[in-house]
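Asker: Quick one: sequence plus predicted model below, questions after.
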Amino acid sequence: MRRQRNTKIVATLGPSSSDYEMIRKLHEAGADVFRLNMSHGSHEEIRERHRIIREVERDTESAIGILADLQGPKLRVGVFANGSEELEEGASFRLDLDEAEGDATRVTLPHPEIFEVLEVGANLLVNDGKIRLRVTACGTDHADCEVIAGGTISNRKGVNVPDVVLPLAALSEKDRADLEFVCQLGVDWLALSFVQRPADVEEARRLADGRAAILSKIEKPAAVKAFEDILAVSDGIMVARGDLGVELPVQNVPPIQKQLVRLCRMAAKPVIVATQMLESMIESPMPTRAEVSDVAAAIYEGTDAVMLSAESAAGQYPVEAVSTMDAVAREVETDPNYREVIEASRRVERSTVADGIVAAAREIAETTDIKAICCFTDSGKTALLTSRERPRVPILGLTPQRGTARKLTLSWGVNCYISPELERFKQAVVNAARAARSHGFASEADQILVMAGVPFNVPGSTNILRVAPCEERLIFASDPE
């Protein structure tokens, strides 16, 4: 199924999108990757959604990526005797380890690790930042706070601690069990929540043991500060603007988003922009103009993918939400200003033969009448490097590894197809020409670019670039080997 755009779409599955008919409609409307949110749904529900996705993949003869999003540790207050209380601005309020039910003056915060690192002046955000507390005094079992922004505080509301790096692992016991479960299922990507440091990513990678690629969610100030180190040990990044916008001033989020997207592009690692992209479409068949502009802005920045959360998981108009994203991406990518922005922001440090070959492929394709760049890849690296170049012509990622094809569904511009195992470069050229013709990227009268590494099936060995005709008799006439 050929898309008429380069930016990929990630759609979250949930109660509104859990059967075969709806999941297939979402894929046909434009969803390239499906997100399984491990914060919601039992293992049996997750297993069934995974099975359906693979059935849709088989029936539509297309590669579909599956992203399992781990919940991460959740910090929550305890319960109140009355269920909730009103906190007034300027009032005093205590958080402590006392398990007694809370009242208007205190409540339990059953996380001693928070009290270990809190300092006077630190902020605590409750209920997605609607309530803001500032620490005035603290010890190993309590924090006395002043209410800076008041409101209703109720049972088990979430707590964010933006000003300190918490001594918490990114993986809870639930996450470890979920990780093993989805890796055995066969998901392609693991999204890791609550990342604060590179060690969090390395732990997840050790547990995944090569069974899934690791995508780090950037949703804490500590992760922004350590971003380049986190990026270095991650396979991809999600700019999770929800918690990021809670823990940082909201005006800081747009420039951070732009910076992170650009750094991911330079590193040739896919990046997703997520959270509240078309949120009004949970209840409305039409988005707001501001939401459309938000999606468009991420696409102009060159993000690999944009993501729907509740819009497709629990909303009333999941197919319309995906169709809207698809339409926005197609419209933006036909704007001449889009190419100007993308090319002006292309900053790549090239240091390897593969870097040079993919850069040369883009230059040749854009200065001659080349219809597509076809890259044979075992690990996916060649396709990722080609995607980083953001060429004007389509990219065909050809691989004998179905898992590689599925992972590449998250990468900008890569059209993923399964190819047979190859032994000679001539076979690569013939298979590339057949794929380009059969999927509508080129006709027999056209030329394509073919990249591969010889010997084959050795990751990172890209060393050949050839301009080739699409007509097989011309391929053999030009190279009788």
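Answerer: Good, I have the coordinates.
Asker: what about the helices in the stretch 351-481 of the chain?
Answerer: Applying DSSP state H, counting those that start in this stretch to the stretch 351-481 of the chain gives helices spanning 353-367, 381-389, 402-407, 425-438, 472-478.
Asker: what's the longest one packed up against?
Answerer: Other elements packing on helix 353-367 under the criterion 3 or more Cβ pairs under 8 Å, 6 or more residues apart in numbering; DSSP states H and E are strand 370-376, helix 381-389, strand 447-453, strand 462-469. Backbone N, C-alpha and C define where each C-beta goes, glycine included.
Asker: Now render those as JSON lines, adding mean neighbour count and mean pLDDT.
Answerer: Below are these laid out as JSON lines (neighbours: other Cβ atoms under 10 Å; pLDDT from 0 to 100):
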{"stretch": "strand 370-376", "mean neighbour count": "26", "mean pLDDT": "95"}
{"stretch": "helix 381-389", "mean neighbour count": "26", "mean pLDDT": "95"}
{"stretch": "strand 447-453", "mean neighbour count": "25", "mean pLDDT": "92"}
{"stretch": "strand 462-469", "mean neighbour count": "18", "mean pLDDT": "90"}
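Asker: Which of the ones you listed sits closest to residue 309?
Answerer: Among the helices and strands packed on helix 353-367, helix 381-389 comes nearest to residue 309, with 24.2 Å by Cβ to Cβ.
Asker: Need the helices and strands packed on helix 353-367 in a markdown table (columns: distance to residue 407).
Answerer: Converted to a markdown table, the helices and strands packed on helix 353-367 look like this (distance: least, Cβ to Cβ, whole Å):
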| stretch | distance to residue 407 |
| --- | --- |
| strand 370-376 | 14 |
| helix 381-389 | 9 |
| strand 447-453 | 18 |
| strand 462-469 | 17 |
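Asker: sorry, back to before: please identify the most buried of the helices of the stretch 351-481 of the chain.
Answerer: Compared across the helices of the stretch 351-481 of the chain, helix 381-389 shows the largest average neighbour count, a mean of 26 (mean count of other Cβ atoms under 10 Å).
Asker: Quick one: closest of the helices of the stretch 351-481 of the chain to residue 321.
Answerer: Set against residue 321 and scored by Cβ to Cβ, the helices of the stretch 351-481 of the chain come closest in helix 402-407, at 22.8 Å.
Asker: Can you get me a residue count around residue 96?
Answerer: Residue 96: 19 surrounding residues under other Cβ atoms under 10 Å.
Asker: which residues touch the closest residue to it other than its chain neighbours?
Answerer: Leaving out its chain neighbours, the residue that sits closest to residue 96 by Cβ to Cβ, 6 or more residues apart in numbering is residue 142, at 4.0 Å. Listed by Cβ atoms under 8 Å, 6 or more residues apart in numbering, the contact partners of residue 142 are 94, 95, 96, 97, 115.
Asker: Filter those down to the buried ones.
Answerer: 94, 95, 96, 115 (16 or more other Cβ atoms under 10 Å).
Asker: how many other residues sit next to the residue lying closest to residue 154 once chain neighbours are set aside?
Answerer: Excluding the flanking residues, the one nearest residue 154 by Cβ to Cβ, 6+ apart is residue 84, at 3.6 Å. Residues contacting residue 84 under the criterion other Cβ under 10 Å number 13.
Asker: just to revisit the earlier point, residue 29: which of the helices and strands packed on helix 353-367 is closest?
Answerer: Residue 29 lies closest, by Cβ to Cβ, to one member of these: helix 381-389, at 22.9 Å.
Asker: follow-up on the earlier one: partner residues bridging the residue nearest to residue 96?
Answerer: In this entry, residue 142 is beta-bridged to residue 96, residue 139, by DSSP bridges.
Asker: Please, which helix or strand holds the residue nearest to the spatial centre of the chain?
Answerer: Per Cα atoms, centre = their mean, the C-alpha nearest to the average position across the chain is that of residue 272, at 3.6 Å. Per DSSP states H and E: residue 272 is located in strand 271-274.
Asker: repeat for residue 147
Answerer: For residue 147, the host element (DSSP H and E) is strand 142-149.
Asker: returning to what we had before: of the helices of the stretch 351-481 of the chain, give the one that comes closest to residue 137.
Answerer: Taking the helices of the stretch 351-481 of the chain one by one with Cβ to Cβ, helix 402-407 is closest: 49.8 Å.
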